[in-house]
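**Student:** need coordinates for the following:
(one chain, ligands or ions: 2)
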Amino acid sequence: MAETSTGTTPKFYDLTLEQRWQWLQTHTNLSAEEIAALSGKAGLSAEQADHMIENVIGTFALPLGIARHFVVNGREVLVPMAVEEPSVVAGASFAARLARAGGGFTAHTTEPHMIGQMQILDLPDPSSARLRLLEAREALLAEAAAVDPVLQRLGGGPRDLEVRLIESSPIGPFLVLHLIYDVRDAMGANAVNTAVERLAGRVQAITGGRVLLRILSNLADRRLARARCTIPLRELAFGDFRPETVRDGIIAAWAFAAADPYRAATHNKGIMNGVDAVVIATGNDWRAVEAGAHAYAARSGRYTSLSTWGKDAEGNLVGTLEMPLAVGIVGGATRVHPAARAALKLMGVSTARELAEIIVSVGLAQNLAALRALATEGIQRGHMALHARQVAIAAGATGEMIERLAEQLVRENTVRIDRAEEILREWSQKHS
Ligand SMILES: CC(C)(COP(=O)([O-])OP(=O)([O-])OC[C@H]1O[C@@H](n2cnc3c(N)ncnc32)[C@H](O)[C@@H]1OP(=O)([O-])[O-])[C@@H](O)C(=O)NCCC(=O)NCCSC(=O)C[C@@](C)(O)CC(=O)[O-]
Ligand SMILES: NC(=O)C1=CN([C@@H]2O[C@H](COP(=O)(O)OP(=O)(O)OC[C@H]3O[C@@H](n4cnc5c(N)ncnc54)[C@H](OP(=O)(O)O)[C@@H]3O)[C@@H](O)[C@H]2O)C=CC1
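**Tutor:** Ligands and ions are numbered 1, 2, ... in the order given. Sure, this is the predicted structure:
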């Protein structure tokens, strides 16, 4: 697949900051104001932030980078990533480049259905109460639909009811009602929470019980995002490593995560490196996405890998990722934070589902980058080379000295703060 004007000449990472902003001006449809919001020159002000949370004293910035080479469902995408960790953006770009050689990422999502939960206590006969609720399904759904006529008009609203009997808990049995709610382009917490709070009275009347908790579930397993990619075998050749060795190493690395929760936690952290970075850049709730991902990884009762890796009949590497992704393009901070708005525009997404399809692809790419490095040279060479700049800054380097010191640390293969401080002392003695 030919790379378009969002391509690599010259390498984006070789440009200066100023040149990258100019590049955005000529290669994207972002306005000068939107580029200023992304660059941090005119991002979220303390005054705007003061309307968002409580006791505001300012804002907290994170680096914002753009991952390159992504093709998702046949479309070139520039992916904004807000993350403090070196090598995440580079790794995602590298893996996206491998994937584009096989046609990029194919991603899809289920309908944006969230689950609202109601905990119903003090039931003398929970089994009969469960059936009474199911018999009242239509009336309850109609009442929930009336709560939000706007969402209803947009094609969303309540879709289904489930009633679960929790037979054993520290306080004995109780019922849980699930309201399945289509939240369209929102993350949906507020619509769902409003609906379950409003239904509580009717549910109490039907069951004779007491409704205690009324809140959405972050285990959004009705709102899944899935991505797959095929990496042509030849693309996996790396240094002295044969492509078959790299492929089989990646598969063996995945098998480790599939079988062992200690490894799965790190493996999934690698996936979330990419997922969270886009979730944050777009003003979405990363705690909700994190909670959903890890709960989904443990849904069988044993915590495991969110992704899979294997090979196809031609011997190419194939990867998949499936996870809940409750993200929106309206609501929350997505339309309030100027940089989040610009980030959404940069990706050209017009629905929450499209956003989730990009995010799940980035998660799969990030996983591939980490596994490829781990199964070959190890994580430290690529990661530490990029981390060296942070070490240089921490040691006290400023301005042009940062790159110079980082390069020396990498050359010496000693990316350590004590060595960085020593070099700085040597340099200052030379100049004094
Ligand atoms: C870091 C690389 C990509 C270097 O890898 P490399 O072989 O030195 O890269 P390269 O020079 O051959 O370039 C390949 C592509 O990488 C990208 N790239 C290369 N350098 C840059 C740069 N400076 N800035 C931006 N992009 C860069 C860029 O897209 C480039 O293609 P191009 O655009 O030139 O055609 C590789 O070593 C890698 O992917 N490492 C893994 C990185 C990673 O996973 N980091 C996450 C942090 S570790 C962690 O938290 C998770 C973990 C590992 O524990 C998860 C787990 O255990 O599963
Ligand atoms: N456990 C959790 O994860 C919790 C998370 N939160 C927080 O909730 C926030 C997200 O809630 P969310 O409900 O998404 O945000 P908002 O309530 O801010 O925005 C969603 C609302 O936007 C309106 N809307 C306009 N156009 C659309 C469209 N095309 N599709 C869908 N809705 C549309 C609807 O309101 P209307 O119909 O009324 O016009 C909808 O209810 C985040 O800040 C999150 O941190 C809050 C509580 C718990």
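**Student:** tell me who's in contact with the residue in the chain that ligand 1 sits nearest to.
**Tutor:** The chain approaches ligand 1 most closely through residue 382 (1.9 Å), counting by C-beta to the nearest ligand atom. Where you see a C-beta, it was placed from the backbone N, CA and C, and this is true even at glycine. Contacts for residue 382 were tallied using C-beta atoms under 8 Å, 6 or more residues apart in numbering; they are 87, 90, 91, 373.
**Student:** just the element for the closest residue to residue 213 other than its chain neighbours, please.
**Tutor:** Leaving aside its sequence neighbours, residue 213 sits nearest to residue 119 (C-beta to C-beta, 6 or more residues apart in numbering; 4.2 Å). In the assignment (DSSP states H and E), residue 119 maps to strand 113-121.
**Student:** tell me what that strand is packed against?
**Tutor:** Applying 3 or more C-beta pairs under 8 Å, 6 or more residues apart in numbering; DSSP states H and E, one finds that strand 113-121 contacts strand 174-182, helix 189-207, strand 210-217.
**Student:** what would these look like in JSON lines with distance to ligand 1 and mean neighbour count?
**Tutor:** Output for the helices and strands packed on strand 113-121, formatted as JSON lines (distance: least, C-beta to the nearest ligand atom, whole Å; neighbours: other C-beta atoms under 10 Å):
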{"stretch": "strand 174-182", "distance to ligand 1": "33", "mean neighbour count": "22"}
{"stretch": "helix 189-207", "distance to ligand 1": "28", "mean neighbour count": "19"}
{"stretch": "strand 210-217", "distance to ligand 1": "27", "mean neighbour count": "17"}
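**Student:** hang on, the earlier thing: mind listing what's buried in whatever helix or strand the residue of the chain closest to ligand 1 lives in?
**Tutor:** Take DSSP H and E as the rule and residue 382 turns out to sit in helix 380-395. Judged by neighbour count (16 or more other C-beta atoms under 10 Å), helix 380-395 contains these buried residues: 382, 383, 384, 385, 386, 387, 388, 389, 390, 391, 392, 395.
**Student:** just the CA atoms of it, as PDB, please.
**Tutor:** This file holds the C-alpha atoms of helix 380-395, laid out as PDB (Å, rounded to 0.1, in the frame of the first residue of the first chain):
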ATOM      1  CA  GLN A 380      16.300  -2.300  26.600                       C
ATOM      2  CA  ARG A 381      18.200  -1.400  23.400                       C
ATOM      3  CA  GLY A 382      15.300   0.400  21.700                       C
ATOM      4  CA  HIS A 383      13.600   1.600  24.800                       C
ATOM      5  CA  MET A 384      16.800   2.800  26.600                       C
ATOM      6  CA  ALA A 385      18.100   4.600  23.600                       C
ATOM      7  CA  LEU A 386      14.900   6.700  23.700                       C
ATOM      8  CA  HIS A 387      14.800   6.800  27.500                       C
ATOM      9  CA  ALA A 388      18.400   8.300  27.500                       C
ATOM     10  CA  ARG A 389      17.000  11.800  26.900                       C
ATOM     11  CA  GLN A 390      14.900  11.700  30.100                       C
ATOM     12  CA  VAL A 391      17.900  10.400  32.000                       C
ATOM     13  CA  ALA A 392      20.000  13.300  30.600                       C
ATOM     14  CA  ILE A 393      17.400  15.800  31.700                       C
ATOM     15  CA  ALA A 394      17.100  14.200  35.200                       C
ATOM     16  CA  ALA A 395      20.900  14.500  35.500                       C
END
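**Student:** C-terminal to that helix, what's the next element?
**Tutor:** Counting by DSSP H and E, the next helix or strand C-terminal to helix 380-395 is helix 401-411.
**Student:** that following helix to helix 380-395, inter-axis angle?
**Tutor:** 140 degrees (axes from the mean of the first three to the mean of the last three C-alpha atoms, to 10 degrees).
**Student:** buried ones in helix 401-411?
**Tutor:** 401, 402, 405, 406, 408, 409, 410.
**Student:** check stretch 215-232 too.
**Tutor:** 216-232.
**Student:** mark which of those residues are part of strands, please.
**Tutor:** Among the buried residues of stretch 215-232, the members falling in strands (DSSP state E) are 216, 217, 224, 225, 226, 227, 228, 229, 230, 231.
**Student:** need these in JSON lines with pLDDT, can you?
**Tutor:** Listed next are those as JSON lines, based on pLDDT from 0 to 100:
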{"residue": "216", "pLDDT": "98"}
{"residue": "217", "pLDDT": "98"}
{"residue": "224", "pLDDT": "98"}
{"residue": "225", "pLDDT": "98"}
{"residue": "226", "pLDDT": "98"}
{"residue": "227", "pLDDT": "98"}
{"residue": "228", "pLDDT": "98"}
{"residue": "229", "pLDDT": "98"}
{"residue": "230", "pLDDT": "98"}
{"residue": "231", "pLDDT": "98"}
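**Student:** could you find the closest non-adjacent residue to whatever residue of the stretch 301-432 of the chain ends up closest to ligand 2?
**Tutor:** Proximity of the stretch 301-432 of the chain to ligand 2 (C-beta to the nearest ligand atom) peaks at residue 331, 2.3 Å away. Nearest residue to residue 331 in three dimensions, chain neighbours excluded: residue 186, at 4.1 Å (C-beta to C-beta, 6+ apart).
**Student:** what about that neighbour, distance to residue 161?
**Tutor:** Separation of residue 186 from residue 161 (C-beta to C-beta, to the nearest Å): 21 Å.
**Student:** having no further points to raise, I will conclude here.
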